[in-house]
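Trainee: Give me a model of this one.
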Amino acid sequence: MDVSNQCRLVWNGDGGFEVTDGGNQHTIDLNNMRCTCREWELTGIPCSHAICAMHHDSKDPQTYISNWYTKLIYDAR
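Mentor: Numbers count the residues shown, from 1 in each chain. From the prediction side, this is the model:
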């Protein structure tokens, strides 16, 4: 979450954002839970770029964490 404060954000449509992090630029699609850095897709946990976009839209990043990290799934193991 701290890294997301250092990102610059530009809205590019319904649920879409362009985020600049240092010298890198990433495209975020909140509707499909994707970022071009692919960290979100690989881990199931929103990356700093996606969190920056979520804060802009006043959305809670914890609601975008994969269900595999929920207590219900953990207890079922």
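Trainee: the longest helix in this structure is where?
Mentor: helix 48-56 (DSSP state H).
Trainee: Nearest residue to the middle of this protein?
Mentor: Centre of the chain computed as the mean C-alpha position; nearest residue by C-alpha atoms, centre = their mean is residue 50, 2.5 Å away.
Trainee: Surely that one touches residue 64?
Mentor: Yes - Residue 50 is within contact range of residue 64, at 7.0 Å (criterion: C-beta atoms under 8 Å). Where C-beta positions appear, they are placed from N, C-alpha and C, glycine not excepted.
Trainee: what sits in contact with each of the two?
Mentor: Common neighbours of residue 50 and residue 64 (criterion: C-beta atoms under 8 Å, 6 or more residues apart in numbering): 30, 33.
Trainee: pLDDT score assigned to residue 61?
Mentor: Predicted confidence (pLDDT) for residue 61: 93.
Trainee: ok, it - how many residues close by?
Mentor: 18 (other C-beta atoms under 10 Å).
Trainee: Next, the contact list for it, please.
Mentor: 1, 46, 50, 51, 54, 55.
Trainee: Need those in JSON lines (columns: distance to residue 11 and pLDDT).
Mentor: Shown next, in JSON lines, are the contacts of residue 61 (distance: C-beta to C-beta, whole Å; pLDDT from 0 to 100):
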{"residue": "1", "distance to residue 11": "20", "pLDDT": "60"}
{"residue": "46", "distance to residue 11": "17", "pLDDT": "95"}
{"residue": "50", "distance to residue 11": "14", "pLDDT": "93"}
{"residue": "51", "distance to residue 11": "15", "pLDDT": "92"}
{"residue": "54", "distance to residue 11": "13", "pLDDT": "92"}
{"residue": "55", "distance to residue 11": "13", "pLDDT": "90"}
